[in-house]
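Student: A predicted structure for the sequence below; I have some questions about it.
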Amino acid sequence: MDDVLLPPSDETFILFQALIQSQTGIFLPLHKKSLLQNRLAKRLLARGLSSFDDYYQMVSSRLEKRELQQALELITTNETYFFREPAHFEYLKQSLLPGVPTGRPLRIWSAAASTGEEAYSIAMLLASCFYHPWEIFASDVNETVIQQAKKGIYLNQRTSGISAEFLEKYCRKGVAEFEGFLRIIPELRGRVNFESFNLMGSVSSLGKFNIIFLRNVMIYFDKDTQRKLLRKIAKCLEPNGWLFVSHSESLHGVTDDFYLVRPSIYRLKAYQHEH
């Protein structure tokens, strides 16, 4: 095997680009070729391959589904932290939760849960101030990060966004080999249902949600994929349901199914449920 791994050709990159987009919705422009090379090189070495062309043939084969999953997990970005974009949590607490009808459990979907910080942040908030039944579904296309999220173990320096009150109530300090880590208490972990789920697939089995967090997802998608995804999201929301996106994202020019409540916070238009 050659010592130097040559970068993928433009032709091979375009094949990967189409495969990744079809599987995850993520669109990698040509200038991201070095990102693809850097993130997948370790898998080529692990499988004893000397070219990205050979690796594409492998991951696009029906016999190598596990390798494809590993490749996709290396490509996806999983940057997250507790109480990210605090204004969302403030709005949830002050403006949204007090007006929620209490006849049925409040259902919230953290739709790109990564290692779980967003879902656990929502859970802490609900446990502290919402005195009616609630449930959280948290999903990510990356199976590895979902397994991490289920454990609820985090480095201390990753938990700076959690208030002193919530740290005391909902986290436990690690000891011995877990020195320097915190763990979410089991009572709270049990309230969040983490599952591997691909947003490109069917959402019909998920049921309806009152609130969906879809933050820092659409920035990786082209407009057409964004439109398709938002159509699915609309089907998953209760009438007048709420959608939170990141402050770097906007639905303007992408869909008319939602109206803007304040920057990055939307509600489903009522007419969506009249047809």
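Tutor: Looks like it came in fine.

Student: Test of understanding: give the bridge partners of residue 193.
Tutor: Taking DSSP bridges as the rule, residue 193 bridges to residue 137.

Student: Quick one: the strands in the stretch 101-250 of the chain, in order.
Tutor: With DSSP state E, counting those that start in this stretch as the criterion, the stretch 101-250 of the chain has strands at 106-110, 134-140, 153-155, 171-173, 181-184, 192-196, 209-213, 237-244.

Student: So, low pLDDT: which residues of the stretch 151-275 of the chain?
Tutor: Filtered on pLDDT under 70, the stretch 151-275 of the chain yields the residue ranges 271-275.

Student: For the strands of the stretch 101-250 of the chain, give me a markdown table that also has distance to residue 25 and mean neighbour count.
Tutor: From N, CA and C alone the C-beta is placed, and that goes for glycine too. Formatted as a markdown table, the strands of the stretch 101-250 of the chain follow (distance: least, CB to CB, whole Å; neighbours: other CB atoms under 10 Å):
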| stretch | distance to residue 25 | mean neighbour count |
| --- | --- | --- |
| strand 106-110 | 16 | 25 |
| strand 134-140 | 13 | 22 |
| strand 153-155 | 27 | 17 |
| strand 171-173 | 33 | 17 |
| strand 181-184 | 29 | 20 |
| strand 192-196 | 15 | 17 |
| strand 209-213 | 16 | 23 |
| strand 237-244 | 17 | 20 |
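
Student: Residue 66 is nearest to which of the ones you listed?
Tutor: Closest to residue 66 of the strands of the stretch 101-250 of the chain, according to CB to CB: strand 192-196, at 13.1 Å.

Student: Switch the strands of the stretch 101-250 of the chain over to JSON lines; also include distance to residue 221.
Tutor: Putting these into JSON lines (distance: least, CB to CB, whole Å) gives the following:
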{"stretch": "strand 106-110", "distance to residue 221": "18"}
{"stretch": "strand 134-140", "distance to residue 221": "15"}
{"stretch": "strand 153-155", "distance to residue 221": "28"}
{"stretch": "strand 171-173", "distance to residue 221": "34"}
{"stretch": "strand 181-184", "distance to residue 221": "30"}
{"stretch": "strand 192-196", "distance to residue 221": "19"}
{"stretch": "strand 209-213", "distance to residue 221": "16"}
{"stretch": "strand 237-244", "distance to residue 221": "15"}
